[in-house]
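Novice: quick one, structure for this:
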Amino acid sequence: MDSEKKKNSCQICGKTFRRAYCRDIHMRTHTGEKPYSCDICGKSFSRRDQKVIHMRIHTGERPYSCEICGKSFAQAGDKQAHLRIHSGEKPYSCEICGKSFSHVGNKNVHKRTLHNEEKSLSVVEMKEEDPEKPHSCDVCGRAFARVGDRNKHMKIHTGVKPYACDLCGRAFTRSSHKIRHMETHKDKNKTMNSEQTEKPYACDICGKSFTRSGHKSRHMKTHEDKNEQWIVNKMWIVEET
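Specialist: You can find the predicted model right below:
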């Protein structure tokens, strides 16, 4: 058996396989060969099963259904992970404190946040790779189709907020969030400008604005009345003394 495995070894990295076709599939990771193409969008894959899973995006096929609640999934692994919600199974235990989790990603987050442990995942612990989402979060294991989306997601864990508002200084993890926030300042400026335009007559004493000149004039008399009353009161106090 050992001689057979040696016969079916990768000529580049030396990894051995029980069967020749497994070795041939593995070789594509080195050569970049992707012989299986989607008939709809043309995307290529190195394995036939990857193409089959991808095709379900176009067809909407979800052949794996939960026997308890009926929810369906495109991949068997996703169904198995879902079943733990019903069974309460928590097969992933923290090696430090023994706390159990239903998903390996949750365990890894626990170890990093509570035990300050650096990333250390074995091949067995790692979630089965989704060919449609090859870029995984180093903290929680969530997978993404594009590396840029993974990098944006990582900021949730790191707390980095590189996009700061130029007006108030509030920071955001994504540029799009900053842009939406900036619109609130524009709306406020529009409201202020609108108010200034609609009330062009401002009091020379207190600055209060009015839509009509007559309203401003009537308001100004309130200041005159207050001044007259102040003078009368002052004179009365002087006479009393």
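
Novice: now the residue positioned nearest the centre of the chain: how far from R218?
Specialist: Compute the mean C-alpha point of the chain, and by C-alpha atoms, centre = their mean the closest residue is H153, 4.7 Å away. From H153 across to R218, the span is 61 Å (C-beta to C-beta, to the nearest Å). Any C-beta I mention is one placed from the backbone N, CA and C, and that applies to glycine too.

Novice: A helix includes the residue nearest to the centre of the chain, no?
Specialist: Yes. Under DSSP: H, G, I helix; E, B strand; the rest coil, H153 sits within a helix.

Novice: where does it land on pLDDT?
Specialist: pLDDT for H153: 75.

Novice: could you measure from A171 over to Y163?
Specialist: Where Y163 is concerned, A171 sits at a distance of 7 Å (C-beta to C-beta).

Novice: please apply the same query to C203.
Specialist: 42 Å.

Novice: with G70 instead?
Specialist: G70 is 42 Å from Y163, by C-beta to C-beta.

Novice: does M27 count as helix, strand or coil?
Specialist: Classified using three-state DSSP, M27 is helix.

Novice: quick one, which of G70 and Y163 is more surrounded?
Specialist: Y163 (17 against 7; other C-beta atoms under 10 Å).

Novice: what's the closest non-adjacent residue to that one?
Specialist: K178 (4.1 Å; C-beta to C-beta, 6 or more residues apart in numbering).

Novice: ok, that neighbour - how many residues close by?
Specialist: Neighbour tally, K178, other C-beta under 10 Å: 18.

Novice: list the contacts for it?
Specialist: Contacts for K178 (C-beta atoms under 8 Å, 6 or more residues apart in numbering) come out as Y163, A164, C165, F172.

Novice: quick check: beta-bridge partners of the last one?
Specialist: Translated: F172. Beta-bridge partners for F172, by DSSP bridges, are Y163.
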